[in-house]
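In: What shape does this take:
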Amino acid sequence: MKFYLDGKQITIPRRLYADCFDPKFGDGYVTLKFGQGFQSVIVSMSGSDGAGGYQAIWRLRKDGRHRRTIIPGG
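Out: Alright, predicted model coming up:
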């Protein structure tokens, strides 16, 4: 997973996405939204892990302090 903001590549630790299996990339399954002041991007993605669906939400920050939330059943 690569993330660029203002033309600069921001490192995303592999642990934030390596366990997100079978992502769905069709319409409505992935959304992107800029955070306040364009200092972050919020990415939402649906997927499944064989036992059920999930939604992953990442807040990717310009300063590299990223967060991830997993919602079962998404």
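In: Centroid-nearest residue for this structure?
Out: In the chain, the centroid-proximal residue (CA atoms, centre = their mean) is residue 58; its distance is 3.6 Å.
In: Could you count how many residues lie near the closest residue to that residue other than its chain neighbours?
Out: Spatial nearest neighbour of residue 58, chain neighbours left out: residue 43 (4.6 Å); criterion: CB to CB, 6 or more residues apart in numbering. Just so you know, the C-beta spots here come from the backbone N, C-alpha and C atoms, and that holds for glycine as well. Residues lying near residue 43 (other CB atoms under 10 Å) number 18.
In: Which elements pack onto the helix or strand harbouring residue 43?
Out: Assigned by DSSP states H and E, residue 43 belongs to strand 40-48. With contacts taken as 3 or more CB pairs under 8 Å, 6 or more residues apart in numbering; DSSP states H and E, strand 40-48 sits against strand 30-34, strand 53-61.
In: of those, which approaches residue 9 most closely?
Out: With CB to CB, the closest approach to residue 9 among the helices and strands packed on strand 40-48 belongs to strand 53-61: 11.5 Å.
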